[in-house]
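Novice: Build me a model:
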Amino acid sequence: MKSLIQSCLLLSLLLVGCSEEAIAKPGKQKICSYPIEEDSNTNKVYVYKKFGISMEMPDNLASMLLQDGSIDIIDRGTYKLLQCPVHERVGRGAPGTRISWADDTVYFKSFNIKENVDLYIRNEGGDYPTYLIILRLVNKKGQLIDVNIYDEGLITEDSVKGYIKEYIELGKKIEFLD
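Specialist: Okay, here's the model as predicted:
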């Protein structure tokens, strides 16, 4: 009987000790953070048959098909970050370029970059004006495609000229597939 009581006491102490330890030392939360990978100095041609286009861009990018059918083109560090569960991601946004079927957004200014590639700009106005910018393409099947560059912040009066330059450079590198 004495050994049974000792065994029960030992078992209860172990259980209490374990539960106190579990309360006192919660499990470490995983943190997932990868830096943005800088564009490489060498380029390659990325082909997107679904949209009927190709683009020349740095060769260290990754393409990711989204559930809505659009494609995000992102650096490998961002790609790794997006593979992490949402609650474990820390430290930054996810910059990249998105290719999608055009929506019915109306843009107020447009500039032709080359045949079937136009730069569209819309000033959102307000107390702190921001801009929406896209490349609107018409592929050889006559389908409308939007290409937009997204970053961690808004496109403001201070940054709009830099974005326009970046869009024009990208627009010149787009080719249409037969």
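
Novice: residues near Ala62, how many?
Specialist: Applying other CB atoms under 10 Å, we find 17 residues neighbouring Ala62. The C-beta positions use only the backbone N, C-alpha and C, and glycine is treated the same way.

Novice: name the element it belongs to?
Specialist: strand 61-65 (DSSP states H and E).

Novice: Give me the sheet partners of the helix or strand just after that strand and which way each runs.
Specialist: On the C-terminal side of strand 61-65, the closest following helix or strand by DSSP H and E is strand 71-75. Applying DSSP bridges, strand 71-75 is found paired with strand 61-65 (antiparallel), strand 96-101 (antiparallel).

Novice: Tell me which residues of the next helix or strand after strand 71-75 come out buried.
Specialist: Later in the chain than strand 71-75, the nearest helix or strand by DSSP H and E is helix 76-82. Neighbour counts over helix 76-82 (16 or more other CB atoms under 10 Å) mark 77-82 as buried.

Novice: hang on, the earlier thing: tell me how far the strand holding Ala62 is from the chain's mean position?
Specialist: 9 Å (CA atoms, centre = their mean, to the nearest Å).

Novice: Not counting sequence-adjacent ones, nearest residue to Ser70?
Specialist: Leaving aside its sequence neighbours, Ser70 sits nearest to Ser100 (CB to CB, 6 or more residues apart in numbering; 3.6 Å).

Novice: Residues touching stretch 49-66, excluding its own?
Specialist: Identification of contacts with stretch 49-66 by CB atoms under 8 Å, 6 or more residues apart in numbering yields 37, 39-48, 69, 71-76, 79, 82, 97, 99, 137, 139-141, 143, 145, 170, 173-177.
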